[in-house]
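Novice: with the input below, show me the fold.
(chains A and B)
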Amino acid sequence: MSDDPQKKMTPYTVPIGPTHPALKEPVMFTFQMNGEQILKADFAPGQTHRGIEWMGMRRNPVQIVHLTDRICGICGVSHSLAFARAMEQIMEIEVPERADYVRTIIAEFERIQSHLLWAGVAAHELGFDTLLHLTWRVREQAMDTIELLTGNRVNYGIIQVGGVRRDFTPDQFPAIEETLQYYSDLKSKLLKIFLEDKTIQMRCRDCGVLSYDDALKLCTVGPTARASGLNMDVRVDYPFAAYGDLAIEPILPDAYMGETRGDVFDRIVVRLLEVDQSVDIIRQCLDRMPAGEVIAEPKLAKLLNQFKKAHGEALGRHEAPRGEVLHYVRMDGKEHPTSWKVKASSYSNLMSWIPMLEGEQIADIPIIVASIDPCLSCTDRVAVVRSGERGIMTKEELHRLSVEKTRRLSA
Amino acid sequence: MKLTKSFNRSLWAFHFNSGSCNGCEIEIVAAITPRYDPERFGIKLVGSPKHADILLVTGPVVKKMRDRLERVYQQMPDPKVVMCVGACGTSGGPFYDSYNLDGPVDDVIPVDVYVQGCPPRPEAIIHGVVVAQQKLERLEGEKA
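Specialist: Residues are numbered from 1 along each chain as shown, chains lettered A, B, ... in the order given. Take a look at the predicted model:
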């Protein structure tokens, strides 16, 4: 210890970010550390602000639908669906029943690819790169099916106000069935790899705990909330599209594990089981899918004309892979909305980082940060300010610390 | 492609997100995972710009990220090649009229290879890397 009172050893500050080169959202973290332990955590998002709402209020709803695709590249259908549902309520458009089923099937395929993507990222954060490559390989099957059905791998562009832009053709159904069978067969293998592996148990059990009360108070949504025992799912609580016709139960970790601890492990359990749930939902949809039109107003010029007469406000909601997305739209008889507000699912979940991170070790930061699925897959640079000296920690070093902890525990 | 004498090492890429929607990010990661597996040719993503030969830039460069993009570019050793991945980095794309953009990317740093698409397919990204490698070989050859 130094005698100089200015050179106080603890707590020292570890800033991380904001440049996270492989991430969707660059976020700046500041940690107050005592040795290896996190005393306090803080973060500052907002580095990817593109002014989408502002741009949307200068475009017409048909253009906005394609802008909503690009709010998040992983939730390709969630934002479009929530926005389209808000518009349909304002304009009192009745969506054809077949379109509802097409929307549901695409949304569930999106959930499959998104959860597998997350599982791979989580494995990577633990230093388990074999599993990253395995999950991303099996994820390509869902990407192929989405491409077959919508024409795009990412940013599907299938939703339109009043329905969908593309119907399924009879020759596509065998391919869908094949994909569903592929994931059904894979279920036990994935569960075994993730849940019975000793390394994952050691790193994730009782790590990054979010209690039931904190999850409720911080208004978390989606798998993050369900992993803490909150029984909530927009698909069940406020059914939309075809979800009202289907038998769905929110997935809670105690159904599979016998107890709810609200840790990183429980979040893995919930997401893996939701992959299987999505397969089941798509099967139910295929059994019930009615024939008919897929769009209420196929002529765009007519639709644009209707926007100019629309008055009113509405909320559109959807259960995205990360939780509830909410779009508020107000139309005042102009071609473009007077007001448009987007609440994405990660926005609700970010605050839960603080109770999760406090008290944990620095090597656990990557997996805890990734566990709420902000796709914060790696951190570029960490500057450690310790006793006046300034050292730079790269994302690789942080990753190395995480890998070393895994090795230490396995030894 | 045969490696020339002038460029005789594996090609490492660094990925920088300048405010992208994540579509290009997941396609870049998809491009390095087993379906395409460019790592068998030595191409991989690294965590530090100081180790990289190629800079993959995604996103339309929002105001907060401009300074960081410049700093990352300056940290890369010569010879270096910049690849702009996606429509929004090339021209602003769907965000062309936003108030918060300092982009497109070539307004901030010089770009050598443009990969089009919103987002581009993994095959297109890998093709872009091959084109970038040809340019790197030429740069290295000129240096020698």
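
Novice: all strands of chain B, in order?
Specialist: B:12-17, B:44-45, B:54-58, B:81-85, B:113-115 (DSSP state E).

Novice: tally up the residues packed near B:K64, please.
Specialist: 18 (other CB atoms under 10 Å in any protein chain shown). Using the backbone N, CA and C atoms, a C-beta is placed for each residue, glycine as well.

Novice: list the contacts of the residue nearest the centre of chain B.
Specialist: Central residue of chain B (CA atoms, centre = their mean): B:L56, 1.7 Å from the mean position. Contact partners of B:L56, counting by CB atoms under 8 Å, 6 or more residues apart in numbering or on different chains, are B:A13, B:F14, B:H15, B:F16, B:I28, B:M83, B:V85, B:I125.

Novice: that one pairs with what?
Specialist: Here B:L56 sits in beta bridges with B:H15, B:M83, going by DSSP bridges.

Novice: what stretches of the chain score poorly on pLDDT?
Specialist: Answering for chain A, as no chain was given. Applying pLDDT under 70 to chain A flags the ranges A:1-10, A:17-25, A:46, A:375-397.

Novice: wait, I meant chain B there
Specialist: B:1-7, B:144.

Novice: what packs against the longest helix that it contains?
Specialist: Ranked by residue count, the top helix of chain B under DSSP state H comes out as helix B:122-143. Helices and strands touching helix B:122-143, by 3 or more CB pairs under 8 Å, 6 or more residues apart in numbering or on different chains; DSSP states H and E, are helix B:23-32, strand B:54-58, strand B:81-85, strand B:113-115.

Novice: mind doing that once more with 10 Å?
Specialist: strand B:12-17, helix B:23-32, strand B:54-58, strand B:81-85, strand B:113-115 (3 or more CB pairs under 10 Å, 6 or more residues apart in numbering or on different chains; DSSP states H and E).

Novice: would you mind finding the most buried of these?
Specialist: strand B:54-58 (a mean of 29; mean count of other CB atoms under 10 Å in any protein chain shown).

Novice: quick one, that strand and helix B:23-32 angle?
Specialist: For strand B:54-58 against helix B:23-32, the angle by axes from the mean of the first three to the mean of the last three CA atoms, to 10 degrees is 140 degrees.

Novice: closest point of chain A to chain B, which residue?
Specialist: Closest to chain B within chain A is A:G73: 2.7 Å, counting by CB to the nearest CB.

Novice: if you skip the residues just before and after it, what's nearest to that residue?
Specialist: B:G23 (2.7 Å; CB to CB, 6 or more residues apart in numbering or on different chains).

Novice: my read: that neighbour touches A:D69, true?
Specialist: Yes: counting by CB atoms under 10 Å, B:G23 touches A:D69, with 8.5 Å between them.

Novice: please enumerate the shared neighbours of those two.
Specialist: Common contacts of B:G23 and A:D69, defined by CB atoms under 10 Å, 6 or more residues apart in numbering or on different chains, comprise A:G76, A:N152, A:V154, A:N155, B:C118.

Novice: reformat these as JSON lines; add secondary structure and distance to B:H51.
Specialist: As requested, the shared contacts of B:G23 and A:D69 are exported to JSON lines (DSSP: H, G, I helix; E, B strand; the rest coil; distance: CB to CB, whole Å):
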{"residue": "A:G76", "secondary structure": "coil", "distance to B:H51": "32"}
{"residue": "A:N152", "secondary structure": "coil", "distance to B:H51": "33"}
{"residue": "A:V154", "secondary structure": "coil", "distance to B:H51": "28"}
{"residue": "A:N155", "secondary structure": "coil", "distance to B:H51": "31"}
{"residue": "B:C118", "secondary structure": "coil", "distance to B:H51": "29"}
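
Novice: list the contacts of A:P250.
Specialist: Here A:P250 is in contact with A:223, A:225-226, A:230-237, A:270, A:274, A:277, A:319 (CB under 10 Å, 6+ apart).

Novice: may I have the phi/psi pair for it?
Specialist: phi -60, psi 140 (degrees, to the nearest 10).

Novice: and what of A:E36?
Specialist: phi -90, psi -10.

Novice: which residues sit in contact with the nearest residue to A:H79 once chain neighbours are set aside?
Specialist: Nearest non-adjacent residue to A:H79, counting by CB to CB, 6+ apart: A:T68, 4.1 Å away. A:T68 sits next to A:52, A:56, A:61, A:75-84, A:155, A:159, A:325, A:327, A:340, A:342 when contact means CB under 10 Å, 6+ apart.

Novice: next step: those residues restricted to helices.
Specialist: Going by DSSP H, the helices hold A:I52, A:G56, A:P61, A:S78, A:H79, A:S80, A:L81, A:A82, A:F83, A:A84 from those.

Novice: among these, who's most crowded?
Specialist: Counting by other CB under 10 Å, top hit in the ones in helices among the contacts of A:T68: A:S80 with 32 neighbours.

Novice: and chain B, is stretch A:109-129 touching that?
Specialist: Yes: with CB under 10 Å from any CB of the partner chain as the criterion, chain B is reached by stretch A:109-129 at A:Q113, A:S114, A:L117, A:G120, A:V121, A:H124.

Novice: just want the residue of chain B that's nearest chain A.
Specialist: B:G23 (2.7 Å).

Novice: show me the contacts for that residue.
Specialist: By CB under 10 Å, 6+ apart, B:G23 lies in contact with A:24, A:69-70, A:72-74, A:76, A:152-155, B:58, B:85-88, B:117-120.

Novice: of those, buried ones?
Specialist: Neighbour counting by 16 or more other CB atoms under 10 Å in any protein chain shown classes A:24, A:69-70, A:72-74, A:76, A:152-155, B:58, B:85-88, B:117-120 among the contacts of B:G23 as buried.

Novice: let me know the helix or strand that the residue nearest to A:A175 when sequence neighbours are not counted is in.
Specialist: Leaving aside its chain neighbours, A:A175 sits nearest to A:L148 (5.6 Å; criterion: CB to CB, 6+ apart). A:L148 belongs to helix A:129-150 when assigned by DSSP states H and E.

Novice: convert the C-alpha atoms of that helix to CSV, please.
Specialist: Below are the C-alpha coordinates for helix A:129-150, written out as CSV (Å, rounded to 0.1, in the frame of the first residue of the first chain):
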residue,chain,number,x,y,z
ASP,A,129,-15.9,-21.8,-28.7
THR,A,130,-16.7,-25.3,-29.9
LEU,A,131,-20.3,-24.7,-28.7
LEU,A,132,-20.4,-21.3,-30.4
HIS,A,133,-19.6,-22.9,-33.7
LEU,A,134,-22.0,-25.8,-33.1
THR,A,135,-25.0,-23.6,-32.3
TRP,A,136,-24.3,-21.3,-35.2
ARG,A,137,-24.1,-24.2,-37.5
VAL,A,138,-27.5,-25.5,-36.4
ARG,A,139,-28.9,-22.0,-36.6
GLU,A,140,-28.2,-21.9,-40.3
GLN,A,141,-31.1,-24.4,-40.8
ALA,A,142,-33.5,-21.8,-39.5
MET,A,143,-31.9,-19.0,-41.5
ASP,A,144,-32.3,-21.1,-44.7
THR,A,145,-36.0,-21.7,-43.9
ILE,A,146,-36.6,-18.0,-43.3
GLU,A,147,-34.8,-17.2,-46.5
LEU,A,148,-37.0,-19.7,-48.4
LEU,A,149,-40.2,-18.2,-46.9
THR,A,150,-39.4,-14.5,-47.0
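
Novice: for the nearest residue to A:M257 once chain neighbours are set aside, grab the count of nearby residues.
Specialist: Excluding the flanking residues, the one nearest A:M257 by CB to CB, 6+ apart is A:V269, at 6.0 Å. Under the neighbour criterion other CB under 10 Å, A:V269 is assigned a count of 27.

Novice: would you check how far apart A:V269 and A:F194 are?
Specialist: A:V269 sits 8 Å away from A:F194 when distances are taken as CB to CB, to the nearest Å.

Novice: any shared contact partners between those two?
Specialist: Counting by CB under 10 Å, 6+ apart, the residues touching both A:V269 and A:F194 are A:C204.
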